[in-house]
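Asker: sequence and predicted structure, then a few things I'm wondering about:
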Amino acid sequence: AQSVTQPDIHITVSEGASLELRCNYSYGATPYLFWYVQSPGQGLQLLLKYFSGDTLVQGIKGFEAEFKRSQSSFNLRKPSVHWSDAAEYFCAVGRGGTSYGKLTFGQGTILTVHP
Amino acid sequence: NAGVTQTPKFQVLKTGQSMTLQCAQDMNHNSMYWYRQDPGMGLRLIYYSASEGTTDKGEVPNGYNVSRLNKREFSLRLESAAPSQTSVYFCASNYRQGSTGELFFGEGSRLTVL
């Protein structure tokens, strides 16, 4: 069975600092990987996705993520955090193909940004 | 363009009561999904509908039923609510299975069962 682990429940950074959110997955085949962001009281918005090809993917709002097959990781990064990035972030894995929308989510990482 | 709309946004039930969560999308998507979100557990798939006229169980289907009323609408029903069903419920849709289209989520329905 597929699974996703986000080791950090809560991360606090200062505005302008760099950010890395960790995501490890367990999956038996080539995974489809996603990062979503959820602002308080809102639904989830897709930040970026990896299906194949270049292992470094760019997303919206200046985020990027790197797929490392050898480490089963898909960590999210941003070089300089803005106060508006404060939210909860979810990593998810799927099988693609006919199961595209059937995602397994991690537990989420809450990001707090200090001014 | 409203995207994915869920109603109601908030609901309080007593144990044993029934209710239906409504979801509608205006993006002409074929596939629709119901997830629940609980603290520390991320989102878990309850049921999904790959296309109009089909529904399938997800990871946590017990205690729920669904209806794909037409291409736009996908409802989730709790026949006899239990406190364990207190959660935030999200409806989502995407273009079609087999595509790489992203999932679009509604804003959620917060349900409390007393």
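Answerer: Now that the structure is in, tell me what you want to look at.

Asker: which stretches of the chain form strands?
Answerer: This is for chain A. A:3-5, A:10-14, A:19-21, A:24-26, A:32-38, A:44-50, A:56-58, A:64-68, A:73-78, A:87-94, A:104-105, A:109-114 (DSSP state E).

Asker: nope, chain B please
Answerer: So, for chain B - with DSSP E - the strands run B:4-7, B:10-13, B:19-25, B:31-38, B:42-49, B:56-57, B:64-68, B:74-78, B:87-94, B:104-105, B:109-113.

Asker: what about those, which gets the closest to residue A:44?
Answerer: With C-beta to C-beta as the measure, strand B:104-105 is the member of the strands of chain B nearest residue A:44 (4.5 Å). Glycine gets a C-beta too; all of them are placed from N, C-alpha and C.

Asker: helices or strands up against that closest one?
Answerer: With contacts defined as 3 or more C-beta pairs under 8 Å, 6 or more residues apart in numbering or on different chains; DSSP states H and E, strand B:104-105 has these neighbours: strand B:87-94.

Asker: does chain A have contacts with the strand it packs on?
Answerer: Yes. Strand B:87-94 lies within reach of chain A by C-beta under 8 Å from any C-beta of the partner chain, at B:90, B:92, B:94.

Asker: middle-most residue in the chain, spatially?
Answerer: Assuming you mean chain A. residue A:35 (3.2 Å; C-alpha atoms, centre = their mean).

Asker: let me rephrase: I mean chain B.
Answerer: Residue closest to the average C-alpha location in chain B (C-alpha atoms, centre = their mean): residue B:34, at 2.7 Å.

Asker: which neighbours in the sheet does the one helix or strand in chain B whose mean pLDDT sits lowest have, and how are they oriented?
Answerer: Across the helices and strands of chain B, mean pLDDT, DSSP states H and E gives its lowest value to strand B:104-105, namely a mean of 90. The pairing partners recorded for strand B:104-105 under DSSP bridges are strand B:87-94 (antiparallel).

Asker: could you list the low-pLDDT ranges of the chain?
Answerer: This is for chain A. Chain A contains residues with pLDDT under 70 at A:96-100.

Asker: could you do chain B instead?
Answerer: By pLDDT under 70, the weakly predicted segments of chain B are B:1, B:96-101.

Asker: if anything else comes up later, I'll come back, but that's it for now.
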